[in-house]
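S.K.: here is a sequence with its predicted model. Questions after.
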Amino acid sequence: MAAADSPSAALRRDLCSRGIRLAGKMRADVVDLLEAYVEQQGLDASASVAAVEGVPLAAVERWDEQTGTQRLLENLAAYRAFRALLAQMLEEQREQLGEADAGLGRALAAVLLQVSAFAYHLEELLRLESRGIPGEEEDGPPPPPRLSLFEQKLRGLGVLRELAQWAVRSVRDLRQLAKPGPATGAAPSPAENP
């Protein structure tokens, strides 16, 4: 039986396919949440937000040279960080508004749940690849210093924007990983690059 037809290759493709659907749904929900967040927080949707401390950037140099394992590990680290950041946003949202805007809190909680599920999904893919899963460093990055209400709003905007970009990158990474070809740990050849 060829390696591409092996049960583990078929399972990998299935897990990647499910992950692509999860990431697509998550991105759609994050975009909807971002619109509601901007409106509820009274922010300008086109506001420029500087890089936010603790928020992993989806942009990467030499994406096409990364191995499948590198892609999975970077995705896992990012979604673990987003899980901690979203939990912090949810807590701040509850402190600020209480039950005044339960809809936004529910939407944040739903996206947090999707991020957690996606991180678990990435762990399953790493297990399939027989790679060790890196342990979590406590619960992500240390809490940032106490921010003003406006700074919290801008940080939230930056977190949601970057999460939407990560969902796009995750789809690309999983599509690359699902392609039949060399082992996951090997970098793709130039002919295989997107």
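M.R.: Structure's in. What do you need?
S.K.: count the residues that sit near residue 13.
M.R.: Neighbours of residue 13 under the rule other CB atoms under 10 Å: 16. Where C-beta positions appear, they are placed from N, C-alpha and C, glycine not excepted.
S.K.: how about residue 103?
M.R.: 9.
S.K.: check contacts around it.
M.R.: Neighbouring residues of residue 103 by CB atoms under 8 Å, 6 or more residues apart in numbering: residue 36.
S.K.: let's see it at 10 Å
M.R.: Counting by CB atoms under 10 Å, 6 or more residues apart in numbering, residue 103 touches 36, 40.
S.K.: helix or strand for it, which one?
M.R.: helix 102-128 (DSSP states H and E).
S.K.: ok and the next helix or strand after that helix relative to helix 102-128, angle-wise?
M.R.: The helix or strand immediately downstream of helix 102-128 is helix 149-178, counting by DSSP H and E. Here the directions of helix 149-178 and helix 102-128 differ by 30 degrees (axes from the mean of the first three to the mean of the last three CA atoms, to 10 degrees).
S.K.: report the buried residues of the helix holding residue 103.
M.R.: For helix 102-128, the neighbour count (16 or more other CB atoms under 10 Å) marks 104-105, 107-109, 111-112, 114-116, 118-119, 121-123, 125-126, 128 as buried.
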